[in-house]
Structure formats: C-alpha cells, structure tokens
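1. everything below, folded, please.
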Amino acid sequence: PPRQLRSLTVLRSAVEPVAARLAAVNATPEQCAALTEHALGMVATSRGRQLEAYLVHDTAFHRVVLAASGNEMFAPLGEVVAATLTGRTRHGVMFEDPDPAAVTLHVRVAEAIRERDAEAAERLTRDITVGALRELDVLAP
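-> Sure, this is the predicted structure:
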C-alpha cells in the first residue's frame, strides 16, 4: 500500500542519516567490510532487472548501518527498512533497474563510514532517503 510505504520511508529518512553519522564513529572493521561488500553486491546486481538479488544486498546494507550505529534502539529498525525496500520491490514501486546515482550513494556511504567521516555519512544517507521519497512521488503519487 503506497500510503504505508510513504510513512515507512519518512521514518527511514528521520532515522537513517543519524544512524549513519553514528556508524562512522562506532562501526567495527568487520561492519565496514560488510558495508563495502553489500554496496559492491548492489553494484553487481544493479543492471539487467535483478531486483530480487539487489534487494538482498540493499536490505543487508541498511541493517548493517543501523546496527553499526551502536544505538540499540536503531538496530531493530532494520526490520522497518527491510519492509520498506521489500514493499517497493514487491509492489513494483521501483524502476526496472535501481537508480545508478542511488547505487553510487551507497558505495560512498560505505566509504564515509569506513573513513570515519560522520558528516559525509549523514549527508549521503540523507540523499539516499530523499531520493527514495522522490521515487515514491513519481511511482506511487
């Protein structure tokens, strides 16, 4: 249901940029590696209508960001983000292939977190969530 998707996406946009900022401070080397691996998985599945495979990496990426924040209240929101991303894919509220700019943003978020650049991590994650809201405006007005 588009209304619920929008509500969940707004919740994401309120939480995820802050979680990414915290992850830049608190992420372990293993979490940094996982973020890079999932971002590369998104790159690898971003063309040729591989949305289900892309979704696996996309949801895992966001779960790691939330967990790496170190805030135990943020980690369970991985379920919310997974529901949002899954809902977009299952309800066809996505383009045939993910927006290349959004894929690039995930790669840059992984780098910012690994480099402990909290400001960039927050800004880039905000760009991801703003883009997700903009896609909803186009695909499920």
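
2. buried residues in the helix or strand of the chain with the lowest mean pLDDT, which are they?
-> Of all regular secondary-structure elements in the chain, judged by mean pLDDT, DSSP states H and E, the least confident is helix 78-90 with a mean of 85. Judged by neighbour count (16 or more other C-beta atoms under 10 Å), helix 78-90 contains these buried residues: Gly78, Val80, Val81, Ala82, Ala83, Thr84, Leu85, Gly87, Arg88, Thr89. All C-beta atoms are positioned from the backbone trio N, CA, C, and that covers glycine.

3. just the residues you listed now: which is nearest Leu5?
-> Of all those, the one with the least separation from Leu5 (C-beta to C-beta) is Gly87, at 5.1 Å.

4. how near is that closest one to Leu55?
-> Between Gly87 and Leu55 the distance, using C-beta to C-beta, to the nearest Å, works out to 10 Å.

5. what sits against Tyr54?
-> With contact taken as C-beta atoms under 8 Å, 6 or more residues apart in numbering, Tyr54 is in contact with Met42, Thr45, Ser46, Pro98.

6. in TSV, list those residues along with pLDDT and neighbour count.
-> Formatted as TSV, the contacts of Tyr54 follow (pLDDT from 0 to 100; neighbours: other C-beta atoms under 10 Å):
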residue	pLDDT	neighbour count
Met42	97	24
Thr45	96	21
Ser46	95	21
Pro98	88	22
